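K.L.:
Okay, sequence plus prediction incoming.
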Amino acid sequence: MNDFLSALNTFSKALFPNRCELCGEVIELDKKLCDNCLDAPVISAPLCEFCGCSEADCTCKKHKNEYKRIVAPYYYRDVIVSAIHRFKDDEMPFLSNKLAKDMYDCVLREYSDIEFDLITYVPLRKLKQQKRGFNQSALLAERISKLMNVPVSPLPVKTRYTGIQ
């Protein structure tokens, strides 16, 4: 029976290879992230409250924005750009697990003194959601909601076409 389970495990790994939790690349069985994602440009404290970058990388000159404060786990460049595109456009919604966990860790670290009432997300055009099969923002919000034990609700309503960001 042990040989059968071992063979079944090997067969399932051949059909469903281990993938990087961030970008979806096929990786070795004992890893969680590929080498490129291990070196992803993370944003580290202390942070600029206006642009969300590390203070050492800040170039915003403290310009006022519509929001009071912003944080993010990664800089949007290099492997993170391809990870986001794969998540959104290559039918890899499972990548939301790692992205949401990193977003949650970032919020927990930077907003530990705030008790949140609600999590919401940006709506997606109906045609785009039908084509993609999921709303990536909703998926991230739902995963973060579970981690934070805070309800999620689709408060914003898309009333007009705004173009692709």
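P.N.:
Right, received. Where do you want to start? Just so it is clear, the model here is predicted, and its values are computed rather than measured.

K.L.:
Look up phi and psi at Glu91.
P.N.:
Torsion angles at Glu91 (phi, psi; degrees, to the nearest 10) stand at phi 50, psi 50.

K.L.:
Tell me how far it lies from Gly24.
P.N.:
10 Å (CB to CB, to the nearest Å). C-betas here are computed from N, CA, C, even on glycine.

K.L.:
which one of those two has more residues nearby?
P.N.:
Gly24 (20 against 12; other CB atoms under 10 Å).

K.L.:
you'd agree the more buried one is up against Pro93?
P.N.:
No: if you go by CB atoms under 8 Å, Gly24 and Pro93 don't touch, sitting 10.3 Å apart.

K.L.:
shared neighbours of these two, anything?
P.N.:
Contact with both Gly24 and Pro93 is made by residues Phe87, according to CB atoms under 8 Å, 6 or more residues apart in numbering.

K.L.:
Let me see the ranges of the strands in this structure.
P.N.:
In order along the chain, the chain carries no strands (DSSP state E).

K.L.:
Can you identify each of the helices in it by residue range?
P.N.:
2-15, 35-38, 79-89, 96-110, 126-132, 136-148 (DSSP state H).

K.L.:
Quick one: the ones you listed as JSON lines, columns for mean neighbour count too.
P.N.:
Listed next are those as JSON lines, based on neighbours: other CB atoms under 10 Å:
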{"stretch": "helix 2-15", "mean neighbour count": "9"}
{"stretch": "helix 35-38", "mean neighbour count": "16"}
{"stretch": "helix 79-89", "mean neighbour count": "18"}
{"stretch": "helix 96-110", "mean neighbour count": "17"}
{"stretch": "helix 126-132", "mean neighbour count": "11"}
{"stretch": "helix 136-148", "mean neighbour count": "19"}
